[in-house]
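> using only what follows, build the 3D model:
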Amino acid sequence: MLAIKIILYTIGIVLLGCGSAILLSMELARRSAAPFFPSPKSIMRRAMQAADLKPGEVFYDLGAGTGASLVIADKEFGATATGCEINLLPYLIARLKIFFSRSHRATMKFESLFSQDISDADVVFCFLTERTMAKLEPKFLKELKKGTRIACYTFPLPTMKPEQVIPVGGKWTILLYRR
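Numbering: from 1, shown residues only. I've put the predicted structure just below:
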């Protein structure tokens, strides 16, 4: 009887620890970049089409959430896709999604979008807040090579001028930039 109580107590502590880690990572993600609010798959596809993502190109999703864009970039466009996410639950879901979709060119990193090296990118996708876009723009200007396409869902970069603004319903848009 004591052994069962110890096992149940241990399981409870582990679950409490996991729950705390998930809640803390959610708050960290919300404060540092954006709350978890997934982009619809149709928007991701449309952004990749607008950016003219081609087989063999390098695609990044900054704040990739559950990784749907990475699987789409790999499976439907033939791109090498990398995502980064600091919200633990979406990150874990993304890892499972990539594994079960058998995506061979998709990678998910538990890493801040600000520390992710994007210098080899051909296309970058992001759906973040205005505040985060303002912090990211200098990173784009410093790290991205000339010609890199940046597809932003809804929130613009503060000083760069989009080449194209694609309405996708109501006030929502895809803004396409070229470095």
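> please make it C-alpha for all contacts and neighbour counts, starting now.
Fine.
> give me the number of residues near H104?
13 (other C-alpha atoms under 10 Å).
> what secondary structure does the residue nearest the centre of the chain sit in?
Centroid-nearest residue in the chain, with C-alpha atoms, centre = their mean: A64, separated by 1.5 Å. Put simply, A64 is coil when judged by DSSP: H, G, I helix; E, B strand; the rest coil.
> OK, contacts around it?
L70, G83, C84, E85, C126 (C-alpha atoms under 8 Å, 6 or more residues apart in numbering).
> how about the fourth one, what does it touch?
This means E85. By C-alpha under 8 Å, 6+ apart, the neighbours of E85 are L62, G63, A64, G65, Y91, M108, K109, F110, E111, S112, L113.
> closest to I150 out of the residues you listed?
L62 (10.8 Å; C-alpha to C-alpha).
> what's the burial count for the closest one?
L62, neighbours per other C-alpha under 10 Å, totals 23.
> and for E76?
14.
> for it, phi and psi?
phi -100, psi -20 (degrees, to the nearest 10).
> from I93, how far off is it?
Relative to I93, E76 is positioned 20 Å away (C-alpha to C-alpha, to the nearest Å).
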